[in-house]
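*Asks:* sequence first, predicted coordinates after that:
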Amino acid sequence: MKFSVGLGKEGAEERLASRGVSRRDFLKFCSTVAVAMGMGPAFAPEVARALTSGKRPSVVYLHNAECTGCSESVLRAFNPYIDELLLDTISLDYHETIMAAAGHAAEEALHQAVHAPDGFVAIVEGALPVKDNGIYGMVGGRTMLDICSDILPRAKAVIAYGTCATFGGVQAAAPNPTGAKGINDALAELGVNAVNISGCPPNPFNLVGTIVHYLHHGTIPELDSQNRPLMFFGKSVHEQCPRLKHFDAGEFAPSFDSEEARKGWCLYELGCKGPMTMNNCPKIKFNQTNWPVDAGHPCIGCSEPDFWDAMSPFYEM
């Protein structure tokens, strides 16, 4: 099974095909990314060219204080498997969770990646513990704070992936004993200005869409006041929620005890944080299958700053 869509880069089509990703699946994936980017399915060929043309960009993926759920959101996506697509269209040179190397070999791989002749893109997962010079988070005998302070200022672009990396997440919730912070908050003085892909976990298509934009345009996408790409975080969850069709725009459902509410209308009075949350969950869903509100669970505002403190209690009865 061989690609024949004229995407340019020698070897990309063969690598994807050898992993069982058909031309149809690849273009379907590109269409989903295009829709996530707000460009429409017709933009799919441009997404395909961005992912398969030229030299594969070197990517360094760093882990700080986190649960690895953000990596899992990428690796467990399917139809087609997003890890196959992503790992065959970028050069992921360092990722502690999935790389075969360990110990000194892993550190050498990181050293080589950050000294690549054409530079590298850094993706960061997890908050940075900064209290007491960062001693509450260490990798290979170095603090996470020291590693990020050394590596991120060198990157051509930095993507903070997940709410822990963007805003501190649960690590930064009160009383925050380790002094955990998001990447930009912790390293602003070093000139680090990461693109924030927030969410707990974030939708992997938002990560891929950001990478596609960078590959296609050579620049980071337009950002909101929280450094999140507007193409993914430009509307509230409430504005895009399919439950809106059940009542007049701008009005929440009657009280939760009403017959209308029991039919599955707006979950605002149950504690849904959709009106205060910027994300594209209703549009893209997770694994292109479902998202919390479709499953009957209120949005908890996980893509917003300080959501563990600012959005709680998550349920109201």
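*Replies:* Noted; the coordinates are in hand.
*Asks:* so after the lowest-mean-pLDDT helix or strand in the chain, what's the next helix or strand?
*Replies:* Every helix and strand of the chain was ranked by mean pLDDT, DSSP states H and E. The lowest is helix 259-262, at a mean of 52. Using DSSP states H and E, the helix or strand that follows helix 259-262 in sequence is helix 281-284.
*Asks:* which strands and helices sit next to that next one?
*Replies:* Where contact means 3 or more C-beta pairs under 8 Å, 6 or more residues apart in numbering; DSSP states H and E, helix 281-284 is packed against helix 23-36, helix 237-240. For glycine as for every other residue, the C-beta is placed from the backbone atoms N, C-alpha and C.
*Asks:* distance from it to the middle of the chain?
*Replies:* Taking C-alpha atoms, centre = their mean, to the nearest Å, one finds the center of helix 281-284 at 14 Å from the center of the full chain.
*Asks:* pull out the buried positions in it.
*Replies:* Using 16 or more other C-beta atoms under 10 Å as the burial criterion, the residues of helix 281-284 that qualify are 281-284.
*Asks:* would you turn those residues into CSV with distance to D25?
*Replies:* Below are those laid out as CSV (distance: C-beta to C-beta, whole Å):
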residue, distance to D25
C281, 23
P282, 24
K283, 21
I284, 17
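*Asks:* widest-spaced pair of those residues?
*Replies:* P282 and I284 (8.1 Å; C-beta to C-beta).
*Asks:* L215 against T52, yeah?
*Replies:* No. With contacts defined as C-beta atoms under 8 Å, L215 does not count as touching T52, sitting 9.6 Å away.
*Asks:* look at those two and report which has more neighbours.
*Replies:* Under the criterion of other C-beta atoms under 10 Å, the comparison of L215 against T52 puts T52 first, with 25 against 20.
*Asks:* distance of the more buried one from N206?
*Replies:* When C-beta to C-beta, to the nearest Å is applied, the distance between T52 and N206 equals 20 Å.
*Asks:* and if you look at T97?
*Replies:* Relative to N206, T97 is positioned 19 Å away (criterion: C-beta to C-beta).
*Asks:* same check on V114?
*Replies:* Where N206 is concerned, V114 sits at a distance of 25 Å (C-beta to C-beta).
*Asks:* so these two - more neighbours on which side?
*Replies:* With other C-beta under 10 Å as the criterion, V114 and N206 differ in neighbour count, and N206 comes out ahead with 28 against 19.
*Asks:* OK, contacts around that one?
*Replies:* Counting by C-beta atoms under 8 Å, 6 or more residues apart in numbering, N206 makes contact with 36, 197, 199, 229, 232, 280, 284.
*Asks:* ok, now which ones touch the closest residue to P153 other than its chain neighbours?
*Replies:* Distances taken as C-beta to C-beta, 6 or more residues apart in numbering place L190 nearest to P153, at 5.0 Å, with adjacent residues excluded. Residues touching L190, when contacts are defined by C-beta under 8 Å, 6+ apart, comprise 149, 152-153.
*Asks:* strands of the chain, start to end?
*Replies:* Along the chain, the segments classed as strands by DSSP state E run 58-63, 91-95, 121-125, 128-129, 138-139, 142-143, 157-161, 180-181, 195-197.
*Asks:* reformat those as CSV; add mean pLDDT, mean neighbour count and distance to L110.
*Replies:* Supplementary listing: the strands of the chain in CSV, determined by pLDDT from 0 to 100; neighbours: other C-beta atoms under 10 Å; distance: least, C-beta to C-beta, whole Å:
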stretch, mean pLDDT, mean neighbour count, distance to L110
strand 58-63, 89, 23, 7
strand 91-95, 76, 20, 5
strand 121-125, 93, 27, 11
strand 128-129, 98, 30, 17
strand 138-139, 90, 15, 10
strand 142-143, 94, 17, 11
strand 157-161, 95, 26, 15
strand 180-181, 98, 26, 22
strand 195-197, 97, 27, 21
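*Asks:* make CSV out of the ones you listed and add distance to C70.
*Replies:* Converted to CSV, the strands of the chain look like this (distance: least, C-beta to C-beta, whole Å):
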stretch, distance to C70
strand 58-63, 9
strand 91-95, 12
strand 121-125, 5
strand 128-129, 15
strand 138-139, 17
strand 142-143, 21
strand 157-161, 5
strand 180-181, 15
strand 195-197, 9
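*Asks:* quick one: end-to-end distance for stretch 137-151.
*Replies:* 16 Å (C-alpha to C-alpha, to the nearest Å).
*Asks:* before I go, just wanted to say thanks for your time.
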